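**Student:** Compute the structure for the input listed below.
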Amino acid sequence: MPPSGGDRKAPKRRVPDSLRRRNPVSCDRCKLRRIRCMRANENESCASCFGHGVECKSTMPRKQRLYGSVEKLSVRYRALDALVRGLFPDEDTDQVEVLFKLARDRNILMPSPDDETLAPEAFSQTSPPAAAVSSQPDADEPPENKAHDFLQDPVQERMIPGPHRILQYVGPSSTSDFASIIRQLVAKLNWAALESRERERERCTVKQATGNRALLGRKQEPQAKHEPEPPTSEKQSSDENPIPGETTLRQLLIASLPYRPGPDSDTAPSSVLKDLLPQRKQCDSLVEAYFNNIHSTFQVFHRVSFMRQYESLWRVGALKAQEPGVGWICSLFMVIILGANFLGEEQCPDSLSIQNKYFKLIRERIDSIAFTASLENVQALLLLQLYEHNSGERNTAWLFLGLAGRMAITIGMHREGTYKNFGSTESHTRRIVWWTLFHFDQSIAAILARPTIIDNKEVNVRQPDDSVVDGAGFPEGFGEQIWVLVDITARVKRLAASISARYADETALLSSAVHVNQLLQELDAWKARLPPQLDPESPGIPEQHRRTVILLNAIYYHYKSVVTRPFLVCKVNHQVDCFLRGDKSPTLSPASSTTEMMSRECQNSATAVLDCFLRLSRLGLLEGVAWTDFYYICHSILATSMGALGRQSDVPLDAENEKIKSKISAFIEIAQTMKVAPTYKVFCEVAFALANSVGLGIEDNPPEANATNKEVKIPAPLDSFGHLNSPSGPFSDPSYSGMFTFPPQQPVNSAMFPQGLLNWSLSGEMDVDWSLWNLGNNGVDYVGYNTTLQYPGAYDPTERFNWPS
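**Tutor:** All right, here's what the predicted structure looks like:
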């Protein structure tokens with residue numbers, strides 16, 4: 001029988017009491033961060049200070065501790081209290097101030113009065129929030145001066161299917177909703193122009209095509225059921241040539257990352273991590289590819305500090321105490337992934353294998369970086385969300401970006417007062433990371449029409465110094481101007497969300513013209529107040545500031561087009577209705593002068609955005625991977641192309657449309673020659689398709705395919721208008737993908753792209769249907785999405801290492 005409670009022996013201490021002692025004194029930096037100070041001896045720098053390149057010093061007094069049990073301390077306190085009361089019977093010794101006064105009169109050294117624990121009563125009273133006070137109406141304001149607040153009106157909100165058929169929220173002022181409206185207008189023109197004879201022929205064609213697909217499906221069914229396994233030789237070849245260290249990779253990382261050697265182990269942690277990396281030459285090339293192509297635009301590192309720690313991994317005889325954290329290791333893995341992704345299989349034959357390998361490792365250890373706040377974890381999350389966003393997993397990227405933002409706020413990166421606790425190098429790194437996070441958050445919020453993660457009213461951190469920025473820097477005064485612009489654009493997004501659904505009712509839309517004009521005036525006033533160093537037309541702008549200045553102005557024009565976009569949609573919708581009724585309906589009147597003016601403002605602003613990015617392209621500063629340039633480009637192409645809906649083909653383009661056509665054609669050629677992330681390729685396909693269909697894209701006359709049977713060619717429903725070449729409604733047949741002529745592209749092997757990503761957008765020739773974003777369904781009945789699309793290499797829920805978005 002096991003011994004009873006009274007007979008159980010007390011466990012022996014591993015270290016005898018006589019040999020127990022406190023740890024060596026921690027340095028000031030580790031004390032402030034409350035982290036373990038690890039060093040070989042007191043005369044050497046600790047691992048944390050060495051890794052960040054700061055001086056390791058111990059000047060702060062050591063914390064005084066009281067040892068003893070609760071009972072002994074309680075008796076001690078009562079004895080001291082009775083002694084003080086007896087010595088000073090006439091003093092109110094219950095007050096702490098009195099005790100400090102008595103000690104001060106007698107030259108007795110006392111602890112700091114700030115070193116105390118607040119009583120619970122101190123947290124029982126909370127001051128009312130400032131927003132609640134400021135939101136109260138002014139009692140003296142006359143009722144006639146109170147205009148209608150459009151921000152209080154209900155907003156039409158809907159969910160759209162994501163990459164894995166998961167419904168996601170996208171705001172009503174998003175690009176997806178804008179494209180949905182365009183599709184409805186296209187559909188209205190298509191269906192109204194179909195004659196009865198053409199509809200009958202269309203039904204016959206669709207019926208025959210359906211029969212052919214059914215027959216083909218029956219022929220291929222046995223093959224699908226008995227799909228052969230990959231050849232054994234392929235399996236052996238993949239096993240014979242693994243990436244270095246792959247056999248022990250999973251065991252090491254699942255068991256412990258980072259590796260903590262035992263007390264008797266002579267293996268340095270850096271050597272264990274080194275075994276997980278590719279060969280030194282290949283690893284150096286991947287890190288170099290990242291810093292040469294992505295880091296200058298998407299900055300999350302102080303390059304010198306990062307490379308110092310990276311080089312220490314390969315140094316012989318590295319200190320055991322210099323153990324990199326999980327966040328830094330995952331950041332290094334993401335650098336390798338992004339470098340391999342940028343190089344591609346043309347320059348790095350193992351690109352896909354490298355991405356898959358390290359992406360699985362990071363996802364296995366995501367809990368280690370998601371539930372602990374640190375600068376290194378913020379860096380890893382930012383790189384992870386960039387990879388997810390570029391791969392098409394925008395919802396997953398949104399979640400990781402939000403986690404990074406919350407974590408950055410948790411460690412005080414948004415408040416300038418917290419930076420005094422850090423050295424100069426770490427302070428610069430924190431500022432660089434914060435401003436990258438802030439700007440990318442603003443861009444993603446514009447793409448998805450969602451709220452920003454960061455409330456700019458709570459932020460007061462200053463911009464990074466140009467001396468520590470490796471890529472695009474920040475001109476003097478940029479921080480003050482961007483905060484003003486962010487405040488205006490936040491109201492632009494809210495107003496656009498409120499009025500976007502009113503395009504069909506011009507009267508209701510015109511009631512918001514006052515508010516739109518007010519925001520336009522605020523934007524113009526902001527532009528007029530820009531200092532010379534933020535004006536792209538000013539001479540002598542440093543090369544380091546050119547991209548920042550041009551991008552700032554592009555954002556200004558973008559939001560001018562967003563706030564006036566509902567009026568452009570209203571005008572085009574009016575034109576379509578007039579065309580369908582043959583201008584014979586007495587109920588239709590020409591669009592108002594206000595609608596015309598706002599529509600012109602929208603198109604002019606969108607054209608100005610294209611000019612900004614064409615200028616970046618000429619300077620070699622256009623980004624297709626590391627930033628959201630192509631989102632702004634595609635939105636502007638949609639806006640400029642939309643005005644040409646309904647234009648007759650026999651009417652030549654005017655001078656203005658000829659200029660727009662040349663700019664759109666230039667971007668189509670740019671997108672074919674430069675590296676563009678998959679998520680932006682999807683945007684480009686939709687935008688270029690609309691531009692080509694209205695005659696503003698590249699004129700391409702591909703050779704006609706050889707007909708297998710003799711059929712009468714059915715003309716396009718609006719062939720006389722020369723801008724819609726689809727023989728059916730754009731959403732009549734989900735499998736039909738030939739509605740628009742797309743720019744010619746080289747077929748891409750689907751094996752080049754990692755599983756779990758939206759590689760379907762890059763496999764084969766990218767004929768993208770308008771149903772890509774469910775663009776014709778404004779309701780919640782998603783009957784057409786009940787069947788799962790068979791994407792090449794799509795997400796498999798049974799696969800261990802693929803995470804759903």
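**Student:** any weak-confidence spans in the stretch 601-750 of the chain?
**Tutor:** Within the stretch 601-750 of the chain, the ranges that satisfy pLDDT under 70 run 646-651, 699-750.
**Student:** how does it look with 90?
**Tutor:** For the stretch 601-750 of the chain, the stretches with pLDDT under 90 are 642-658, 679, 682-683, 692-750.
**Student:** Do a quick rundown of the helices in it.
**Tutor:** Assigned by DSSP state H, counting those that start in this stretch, the stretch 601-750 of the chain shows helices spanning 629-642, 655-673, 678-693.
**Student:** For Pro451, which of those helices is the nearest?
**Tutor:** For Pro451, the closest of these is helix 629-642, at 17.6 Å, according to Cβ to Cβ. (C-beta placed from N, C-alpha, C; glycine too.)
**Student:** if we can go back for a sec, who wins for proximity to Ser605 among the helices of the stretch 601-750 of the chain?
**Tutor:** Closest approach to Ser605 among these is made by helix 629-642 (8.1 Å; Cβ to Cβ).
**Student:** how about the closest one as CSV, C-alpha atoms only?
**Tutor:** What follows is helix 629-642, C-alpha atoms only, in CSV (Å, rounded to 0.1, in the frame of the first residue of the first chain):
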residue,chain,number,x,y,z
ASP,A,629,-0.4,49.0,-55.9
PHE,A,630,-2.4,46.9,-58.3
TYR,A,631,-5.5,47.1,-56.1
TYR,A,632,-5.6,50.9,-56.7
ILE,A,633,-4.8,50.4,-60.4
CYS,A,634,-7.6,47.9,-60.9
HIS,A,635,-10.1,50.0,-59.1
SER,A,636,-9.2,53.0,-61.3
ILE,A,637,-9.5,50.9,-64.5
LEU,A,638,-13.0,49.7,-63.4
ALA,A,639,-14.1,53.3,-62.8
THR,A,640,-12.7,54.7,-66.1
SER,A,641,-14.0,51.8,-68.1
MET,A,642,-17.5,51.9,-66.6
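**Student:** before we move on, back to that, most tightly surrounded among the helices of the stretch 601-750 of the chain?
**Tutor:** Stretch with highest mean neighbour count among those: helix 629-642 (a mean of 26; mean count of other Cβ atoms under 10 Å).
**Student:** how about JSON lines for the helices of the stretch 601-750 of the chain, with distance to Ile354 added?
**Tutor:** Listed next are these as JSON lines, based on distance: least, Cβ to Cβ, whole Å:
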{"stretch": "helix 629-642", "distance to Ile354": "25"}
{"stretch": "helix 655-673", "distance to Ile354": "25"}
{"stretch": "helix 678-693", "distance to Ile354": "18"}
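**Student:** With Val459 as the reference, name the closest of the ones you listed.
**Tutor:** Between Val459 and the helices of the stretch 601-750 of the chain, the shortest gap by Cβ to Cβ is with helix 629-642, which sits at 23.5 Å.
**Student:** about what we covered before: tell me which of the helices of the stretch 601-750 of the chain approaches Asp94 most closely.
**Tutor:** If we rank the helices of the stretch 601-750 of the chain by Cβ to Cβ, the stretch that ends up nearest is helix 629-642, at 65.0 Å.
**Student:** What angle do helix 655-673 and the closest one make with each other?
**Tutor:** Orientation of helix 629-642 against helix 655-673 (axes from the mean of the first three to the mean of the last three Cα atoms, to 10 degrees) gives an angle of 150 degrees.
**Student:** between helix 629-642 and helix 678-693, how big is the angle?
**Tutor:** Here helix 629-642 runs at an angle of 20 degrees relative to helix 678-693 (the same axes, to 10 degrees).
**Student:** and the closest residue in space to Leu653 that isn't next to it in sequence, what does it touch?
**Tutor:** In space, and not counting its chain neighbours, Leu653 is closest to Lys661: 6.5 Å by Cβ to Cβ, 6 or more residues apart in numbering. By Cβ atoms under 8 Å, 6 or more residues apart in numbering, Lys661 lies in contact with 653, 695-697.
**Student:** Right, I'll call it a day here.
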